[in-house]
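Trainee: Here's a sequence, model it:
(2 chains)
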Number of protein chains: 2
Amino acid sequence: MTQRTLISQLQDRADGPVTVQGWVDTVRDQKKVQFVVLHDETGGLQLVNPRSEGREHISDVISTLAQGTMLTIHGDLKHDERVKLGGLEVKVGEIVVESEALPETPIAEDTSIDKRLDWRFLDLRTARNNLLFRAQTTFAHALRTYWVERDYVEIFTPKLMGSPSETRAELFEVEYFDRKAYLAQSPQFYKQMAQSAGFGKVFEIGPVFRADPSFTSRHATEFTGVDAEISWIDSHEDVMTMQEELLVAGLQAVADKHGDEIREHFGVEVTVPALPFPRIPLLEARAIVGARGHTIERGDLDLDPEGERQIAAHVKEQFGHEFVFLTDYPASIRPFYHMRHDEDASLTKSYDLIWNGVEITTGAQREHRVDVIEAQAREKGMDTEELGYYLDFFRYGTPPHGGFGMGLARVMMLMLGLTTLREVTFLFRGPNRLTP
Amino acid sequence: MTQRTLISQLQDRADGPVTVQGWVDTVRDQKKVQFVVLHDETGGLQLVNPRSEGREHISDVISTLAQGTMLTIHGDLKHDERVKLGGLEVKVGEIVVESEALPETPIAEDTSIDKRLDWRFLDLRTARNNLLFRAQTTFAHALRTYWVERDYVEIFTPKLMGSPSETRAELFEVEYFDRKAYLAQSPQFYKQMAQSAGFGKVFEIGPVFRADPSFTSRHATEFTGVDAEISWIDSHEDVMTMQEELLVAGLQAVADKHGDEIREHFGVEVTVPALPFPRIPLLEARAIVGARGHTIERGDLDLDPEGERQIAAHVKEQFGHEFVFLTDYPASIRPFYHMRHDEDASLTKSYDLIWNGVEITTGAQREHRVDVIEAQAREKGMDTEELGYYLDFFRYGTPPHGGFGMGLARVMMLMLGLTTLREVTFLFRGPNRLTP
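Mentor: Okay, the predicted model is just below:
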């Protein structure tokens, strides 16, 4: 590999010969001198070329450079605090055009999000978007490290299923040789299978699919799910304890590594939340929201989006906390496999996690007693025949267990103070978007 | 959470009161004493219950225990070197049945692999299978850690595509609202897009889908792909250098953490290979295989499976090495996007990696000059219109780049000396297998 110096490493390098590689951002082609701003994956750098005699071969190349053109530059590094961009510049000694760009870039800063997504690879070249995915890398690795250090087993569950997982709604069908398969809407059943298999504690970060026709900024037909499931719990409280520790580990890692850059590019502070997160039973939360003057516009017992914002505002005021676990959801609005309280079967041992007013997680203790699962499924009007092998998981011994699922892009969106999943997903997928 | 002690932690614990949780493996119900072997995710433990007066409530429960029943045991730990299983036992003080198992287990040790896959969650309870997935967890985390420490960006590429990725062959079709989508056969195009996006170095471990109707032990319709792609390379040599370092990091981590257990359960040694791995141009490898007396039975210039085994045997004899990079594959048997040598356009800057006679990787420098890509695609008889946005990736500047793809299950299969992917996949997917 060429002895390349990353632009971020130039600060610590002494003046002298250096090789840098990246793409052209801007060219200022003046009478006596040319300036090029070169970008690589770590930052921007000013290149300078005096139009003096004997340097015409360089000047001629620079005059033709389009934005995006990929260059290898051998030159001389000079620290000079007058240079705004990082206090240094490289005087071009040799210029190699590695790959030319078309002269007209199809998007600009004020281009609509939809057109920017059409040209996502150009949109991703900005320092801001690059940072987003580096921060996500740090976050995801911190989560996995938290789990691996605690002897969790990573599972890669199948995305092709022979029968629907939880429901026939929002399900993608696949032509599978001479039959149908379905894309997994979550690894739920398989995370639970791993508990029957005696794996103890498992995690997965992988794609999930929802044939959801809605066009909101918070829905996608394919997204990255963050899932964990653990055995031998006493209640959903054990799951919440794990999840809050996990989020602290992830946010701490991002704050440590990217806090300054995120402040600069996104104008937000990555705050590491205090432990434990506040917990409020859902029905109590509804009362609090009502007392704040908001009428919840839903036919069931859940909160509406404004209700979620209101309870978040309450928690912020009362506890100075960005997160809140809403607990003990009514059985009527939870899936059949959520365990119910012994003392009040109308409530489940479950929770949602709200961050700055947006739901990022549903978690629960699962019902592991097969007769109770069957009864709860029937109560929901489900055909237990359809559940097939899922019920078998619980017929040969399964420890008490629970877990959660969390959308990675939602977390990144909230971490960076953004408002749409389209911007935080590498390549967004929605009802009308399958490209690039 | 209950103050539980894992079975593997008992060795270091003093005699006295302890709580263990797990499932029943065997019961020996004798006249004067009962023995239960209890398993958890970390190992096996002997429970003992003397049938003395006042303990009938415990004896009665133990007499009814079926294999797999999940128990919480509060008891007294005693180190006793006469006990074969770990030199310790727990005398039952209180027994809680958390989840009962049906009395008849549907599989046994000699059950066929196909039936064991039907009951995969029971099959996974063995210490051997549990170890397999713990070793895989360690391996995958070591790969990601190698990348993260070197500033790679993790990408989660979409699995739903609006058009076929590389070829229309072996492609799964999805009903996507009122149109068709396709399941990604690899993240190839998107890894390359990340290079155009200026990400520099990327990785992904995620599912890939192949509508491959074959029933061999080495094919699956869905498997976990390990992918990386890097910019600013000089040739495929840079990709090989990264991959061999990566594999050393992964194998070293597994050898350190699980070497002893793997020797015990799989009877194989996890060897950390020496760097660099041997490299042999493919055409030279063909000649070597021929000289060893094997006639390659293929119509093209590739090796056949026996040829792969022969070249591996040669490398083992000559270099004492389990791995070999076969390099510079003829353009005729490589995809259109592999870069060709300047000095001989019939050869590509590509490689396969063979481990113990089995191919685990294809890697290459990619062609990043759009006019050359188009020409090579046309030469392969492809319709460049169909490539659509893929070609756009290269119209706005793309650095020289390359990468590889590797099947995770294949690697685990070879690491543990196994012969079929069915055994090393959490839940295998083949033309006839979509359950559980």
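
Trainee: Show me what counts as buried in the lengthiest helix in chain A.
Mentor: Looking across chain A with DSSP state H, the single longest helix is helix A:236-266. Buried residues in helix A:236-266, defined by neighbour count with 16 or more other Cβ atoms under 10 Å in any protein chain shown: A:236-240, A:242-244, A:246-251, A:253-255, A:257-259, A:261-262, A:265-266. For every residue, glycine as well, the C-beta is placed using N, CA and C.

Trainee: near chain B, which of these show up?
Mentor: A:Asp238 (Cβ under 8 Å from any Cβ of the partner chain).

Trainee: quick one on the thing from earlier: ok, whichever helix or strand comes after the longest helix of chain A: who's next to it in the sheet?
Mentor: Where DSSP states H and E defines the elements, the next helix or strand beyond helix A:236-266 is strand A:279-281. With DSSP bridges as the test, strand A:279-281 is paired with strand A:323-327 (parallel).

Trainee: helices and strands around the helix or strand of chain A with the lowest mean pLDDT, which ones?
Mentor: Across the helices and strands of chain A, mean pLDDT, DSSP states H and E gives its lowest value to helix A:384-387, namely a mean of 86. Counting contacts by 3 or more Cβ pairs under 8 Å, 6 or more residues apart in numbering or on different chains; DSSP states H and E, helix A:384-387 is packed against helix A:370-379.

Trainee: Give me the distance between the helix it packs on and the centre of its chain.
Mentor: 34 Å (Cα atoms, centre = their mean, to the nearest Å).

Trainee: Stretch A:389-396 too?
Mentor: The chain centroid and the centroid of stretch A:389-396 are separated by 33 Å under Cα atoms, centre = their mean.

Trainee: For the nearest residue to A:Asp300 once chain neighbours are set aside, which residues are in contact?
Mentor: In space, and not counting its chain neighbours, A:Asp300 is closest to A:Ile333: 5.1 Å by Cβ to Cβ, 6 or more residues apart in numbering or on different chains. Residues near A:Ile333 by Cβ atoms under 8 Å, 6 or more residues apart in numbering or on different chains: A:Asp300, A:Leu301, A:Asp302.

Trainee: Quick check: phi and psi on A:Ile333?
Mentor: phi -120, psi 20 (degrees, to the nearest 10).

Trainee: Mind pulling up the pLDDT for it?
Mentor: We have a pLDDT of 96 for A:Ile333.

Trainee: Please tell me how far it sits from chain B.
Mentor: With distances taken as Cβ to the nearest Cβ, to the nearest Å, A:Ile333 is found 27 Å from chain B.

Trainee: And the contacts of stretch A:334-348?
Mentor: A:166, A:188, A:192, A:236, A:328-332, A:349-350, A:364-368, A:373, A:376-377, A:379-380, A:382, A:402.

Trainee: Could you work out the end-to-end span of that stretch for me?
Mentor: For stretch A:334-348, the first-to-last residue distance is 8 Å (Cα to Cα, to the nearest Å).

Trainee: Tell me the buried residues in it?
Mentor: A:Arg334, A:Pro335, A:Phe336, A:Tyr337, A:His338, A:Met339, A:Arg340, A:Leu347, A:Thr348.

Trainee: Filter those residues down to the ones in strands?
Mentor: Per DSSP state E, strands hold no members of these.

Trainee: Could you export those as CSV, including distance to B:Phe172?
Mentor: Shown next, in CSV, are the buried residues of stretch A:334-348 (distance: Cβ to Cβ, whole Å):
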residue, distance to B:Phe172
A:Arg334, 33
A:Pro335, 28
A:Phe336, 30
A:Tyr337, 28
A:His338, 32
A:Met339, 36
A:Arg340, 39
A:Leu347, 42
A:Thr348, 36
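
Trainee: ok, the residues you listed vs chain B, which is closest?
Mentor: A:Met339 (12.5 Å; Cβ to the nearest Cβ).

Trainee: Quick one, which of the contacts of stretch A:334-348 are buried?
Mentor: Here, 16+ other Cβ under 10 Å leaves A:166, A:188, A:192, A:236, A:328-331, A:349-350, A:364-368, A:373, A:376-377, A:382, A:402 buried among the contacts of stretch A:334-348.

Trainee: just checking, A:Glu269 touches A:Asp260?
Mentor: No - assessed by Cβ atoms under 8 Å, A:Glu269 is found out of contact with A:Asp260, at 10.4 Å.

Trainee: touching chain B at all, whichever strand in chain A runs longest?
Mentor: Ranked by number of residues, the top strand in chain A under DSSP E is strand A:16-29. Yes - Strand A:16-29 comes into contact with chain B (Cβ under 8 Å from any Cβ), by way of A:Gln21, A:Gly22, A:Trp23, A:Val24.

Trainee: out of these, which one sits closest to A:Leu45?
Mentor: Nearest to A:Leu45 out of these is A:Gly22 (Cβ to Cβ; 7.5 Å).

Trainee: Beta-bridge partners for the closest one, please?
Mentor: Beta-bridge partners for A:Gly22, by DSSP bridges, are A:Leu71.

Trainee: Where helices are concerned, which of the buried ones among the contacts of stretch A:334-348 count?
Mentor: A:Gln188, A:Gln192, A:His236, A:Ile373, A:Gln376, A:Ala377.

Trainee: wait, the fourth one sits on A:Glu367?
Mentor: Yes - using Cβ under 8 Å, A:Ile373 is in contact with A:Glu367, at 5.0 Å.

Trainee: For chain B, what is the nearest residue in the stretch 301-436 of chain A?
Mentor: For the stretch 301-436 of chain A, Cβ to the nearest Cβ, closest residue to chain B: A:Leu434, 3.2 Å.

Trainee: how many other residues sit next to the nearest residue to that residue once chain neighbours are set aside?
Mentor: In space, and not counting its chain neighbours, A:Leu434 is closest to B:Gly162: 3.2 Å by Cβ to Cβ, 6+ apart. B:Gly162 has 17 neighbours, counted by other Cβ atoms under 10 Å in any protein chain shown.

Trainee: right, and B:Gly162 touches B:Ala181 too?
Mentor: Yes - B:Gly162 is in contact with B:Ala181 according to Cβ under 8 Å; the separation is 6.4 Å.
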